[in-house]
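Colleague: My questions concern the predicted model and sequence given below.
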Amino acid sequence: MEVLSLLIPISIGLGAIGLAAFFWTMKSQQYDDPEGDAARILRDDYDDHPAD
Amino acid sequence: MSATEYHSAAVCPGCIAGEGVARRAADDASLGARDIQLSLPTIHCAACISTVERGLMQRAGVEDVRVNLTRKRATVRVAAGVETADIVRAVSSLGYEAQPLDAATLSAGESDRAARDLAMRLGVAGFSMMNVMLLSVAVWSGASDATRDLFHWISAAIALPTIAFSAQPFFRSALSALKVARLNMDVPISLAILLAGAMSLYETISHGEHAYFDAALSLTFFLLAGRYLDQKMRSTARSAAAELAAMEVPVALRLSGDGAETVSVRDVAVDDLLMVQPGARVPVDGVITEGNSELDRAFLTGETDPVAVGPGADLKAGEVNLTGALIMRATAVGGDTLLHNLAELISNAEAAKSRYNTLADRAARIYAPAVHLLALIGFIVWMYVTGGDVRHALNIAVALLIITCPCALGLAVPAVSTVASGRLFRLGLLVKHPSALERLAEVDEVIFDKTGTLTRGTPVCTNMADLPDSALSVAVALAEASGHPRSRAIVEAARGRDLPRVRVTDIVEVPGFGVEGTLNGAQIRLGRAQWVGAEGAGSGTVLRLADGALHDFRFEDALRPGAVGLIAALKARGLPVTLLSGDAEAPVRSLADDLGIETWHAGVLPDGKADLLRQRAEAGKRVLMVGDGLNDTAALALAHVSIAPASALEATRVAADLVLMGADLSKIADGLRIAGSARRRILENFGVAAVYNMIAVPVAFLGFATPLAAAIAMSSSSIIVSLNALRTR
């Protein structure tokens, strides 16, 4: 049962990381243009000039 | 202008995008920079984004460009001194349509913030729900004694702060309802969440077996999901409506001592002299002091034919000046204009509409008291049975509250409305009013306006085929010099015919009368019958050739696409159709005959339209009114539900519940079908919720409800309801 004292903090910690990531995406307004983001990933600008 | 090269291709220049990658000017904080908002209705793909962003970045003075494909908009940050018009021109040279948007009108940030706030609470609730559910699974599968207590404590540590944060919207709404001594759906929701939290905490402290932390959290999560969908749907509609409004930047051209200046309509004072250019809308009410022209009054009166005006004639805000520049003296501004008086009428009718009881309201009114009563009865009965065991009786009462909590009910309406509004949006129908969809489903009669609604509001020439090429080529040569709708109709209609070119010189447009010119040394005229010299020819347009020969041009208002199909579809559904127009009898009758509409009224004044709508409402009819004119505004506001095309004035669109974005009228029939389907889905969802309660309530009442059973019942009913919503089509 001692393993619980390790596993529970880990599982909650992982969840908290996910929550923090969610906060970050909200704050940086990543849900404002879902269609645009879906389209942007298909652009080939970056493939042609990865340095930019 | 910079010396940059633009790719100018026809359809989608982005799809064949050129090379050259823009470097973003990182220096955002430069002095005097400002944001320009543009509407880009034609962008649709990744390459479109690249082309616009790259093309604009290459311009001098442009600091940042961000295209939003979801909203079909671009935000351009430009340095001081760069004109909006230059940017619009730059975008059109890239091959895209662009419309500047009025940033002040557009600032719909409020609803966006509300949606973001809800999303944040939803995310937190989701995180906590999943973690607590994991711990609960361990308890359900047999954790006991100290382990169970530990898990309960950890659950409490996660759940209680989450409830305090995520469930706030419900608490606030419930509190405001209770303050005015009313019950809404949020009262039982708040009670269930709070009691579940409190009782679980008590059970945890006293080493109890059952804790409902997971139930309290999943309740919060599912209900927030419904609330979020609702908010998102409304803010989408609102931002689209705001965008329509932002396209009409209300300005006037004021004449002062040293020339003309562009001012906002709000700043115009009585007795100001204003210039109204051909093609522009009259900004305020006034009197003409100089100039002759023709006015398109269709928005105000429904008349198709332009009206000739000269000095001394009255102008009303909203009329369109067609041919000559006019100088007018403002007589009524702001709150005194006819336009504003109409707006007042609308706000009265709005209040009536907000009293409309939606299905969700009606369900809540039955549901909330029933749930409370049930929990109370459960408590009393078990107090009696157990001989005063408060803890056990309270356990039963809380289990009843949790299990009857309207999880499915809270999702039933928003899920369906979101799906239906999304489908309508894709068809080009914008649902502006929250209860419009439900009202649309109840329609049992349809009334149409004529000009601009069933017709395009622009004339087409009907007797082209009867005219000889020689006359037609002269007419086209004259018509090309004029911006009058009828001239444009002649040019448009002649495009298909292979006409010989004629050289007409000295072409002059005489505002209010027509166009004249010289052909082979003789004067020719195209215009009003009297002015041309044709006797008794009424309001028709006549061409007089050099040899004195006269040719009549006849015009008719063209039907909107889909009008025939729509009327046929409405008849097939058994809905009576009425045509209501301010226009003269002859054109109204001919249109009614063409479309097969039996009931029609011609020459109806705005008040008459409103009266008729009132009569129909008193007769218990639920009328769908479709109209675009200012003269329809009162009628639109009074109708059970109303639709205006996007071409209508802002004042009219405000009064309408739905806005038809495209030109095709047949989408209205699809809209009626989807609204009907949505209503059926909502009722089915209520049915699902009822059946679920019929099974769950006795179980909980008898004391057999465990946290596991509650969790399974709650999530399965929520999922069934959401899946059922997807069947809306």
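Modeller: Yes, it's here.

Colleague: roughly how far apart are B:H551 and B:S473?
Modeller: Per CB to CB, to the nearest Å, B:H551 is found 12 Å from B:S473. Where you see a C-beta, it was placed from the backbone N, CA and C, and this is true even at glycine.

Colleague: now swap in B:L580 and tell me
Modeller: 41 Å.

Colleague: What is the neighbour count of the closest residue to chain A within the stretch 551-700 of chain B?
Modeller: Evaluated by CB to the nearest CB, the stretch 551-700 of chain B has B:M661 as its residue closest to chain A, separated by 17.1 Å. With neighbours defined by other CB atoms under 10 Å in any protein chain shown, the count for B:M661 comes to 18.

Colleague: Please name the residues that touch it.
Modeller: B:M661 makes contact with B:240, B:428-430, B:646, according to CB atoms under 8 Å, 6 or more residues apart in numbering or on different chains.

Colleague: so the spatially most central residue of chain B, which of the three states?
Modeller: Most central in chain B under CA atoms, centre = their mean is B:L430, positioned 3.8 Å from the mean C-alpha point. Secondary structure, DSSP: H, G, I helix; E, B strand; the rest coil: B:L430 is strand.

Colleague: my read: it touches B:S239, true?
Modeller: No. If you go by CB atoms under 8 Å, B:L430 and B:S239 don't touch, sitting 10.3 Å apart.

Colleague: so which helix or strand takes in whichever residue of chain A sits closest to chain B?
Modeller: Distances between chain A and chain B by CB to the nearest CB are smallest at A:G36, namely 3.4 Å. Under DSSP states H and E, the secondary-structure element containing A:G36 is helix A:34-40.

Colleague: Could you list every helix and strand in contact with that helix?
Modeller: helix B:46-57 (3 or more CB pairs under 8 Å, 6 or more residues apart in numbering or on different chains; DSSP states H and E).

Colleague: One more pass at 10 Å, please.
Modeller: Taking 3 or more CB pairs under 10 Å, 6 or more residues apart in numbering or on different chains; DSSP states H and E as contact, the helices and strands that helix A:34-40 lies on are helix B:46-57, strand B:62-68.

Colleague: quick revisit: now for the residue of chain A closest to chain B: which residues touch it?
Modeller: Shown in contact with A:G36 (CB atoms under 10 Å, 6 or more residues apart in numbering or on different chains): B:43, B:46, B:48-49, B:66-73.

Colleague: hang on, the earlier thing: so which of the helices and strands packed on helix A:34-40 gets nearest B:A33?
Modeller: Minimum separation from B:A33 across these (CB to CB) falls at strand B:62-68, 5.7 Å.

Colleague: Can you spell out which helices and strands pack onto the closest one?
Modeller: Using 3+ CB pairs under 10 Å, 6+ apart: strand B:62-68 touches helix A:34-40, strand B:34-39, helix B:46-57, strand B:73-78, helix B:84-93.

Colleague: So, low pLDDT: which residues of the chain?
Modeller: Reading this off chain A. Along chain A, the parts satisfying pLDDT under 70 run over A:1, A:45-52.

Colleague: That was the other one, I meant chain B.
Modeller: Residue ranges of chain B with pLDDT under 70: B:1-32, B:102-111, B:241, B:243-250, B:257-258, B:299-300, B:302-304, B:334-357, B:405-408, B:535-539.

Colleague: Where does it get nearest to chain A, residue-wise?
Modeller: At 3.4 Å from chain A, B:L69 is the closest residue in chain B, using CB to the nearest CB.

Colleague: For B:S421, see how far away the nearest residue to that residue once chain neighbours are set aside is.
Modeller: Nearest residue to B:L69, sequence neighbours excluded (CB to CB, 6 or more residues apart in numbering or on different chains): A:G36, at 3.4 Å. For A:G36, the distance to B:S421 (CB to CB) stands at 21 Å.

Colleague: go on, B:S264?
Modeller: Separation of B:S264 from B:S421 (CB to CB): 34 Å.

Colleague: quick one, which of the two is more surrounded?
Modeller: More neighbours surround B:S421 than the other of B:S264 and B:S421, with 25 against 12 (other CB under 10 Å).

Colleague: check contacts around the more buried one.
Modeller: Neighbouring residues of B:S421 by CB under 10 Å, 6+ apart: B:229, B:232-234, B:236-237, B:429-431, B:434, B:436-437, B:674, B:678, B:728.

Colleague: ok, which of those residues also contact chain A?
Modeller: B:K232 (CB under 10 Å from any CB of the partner chain).
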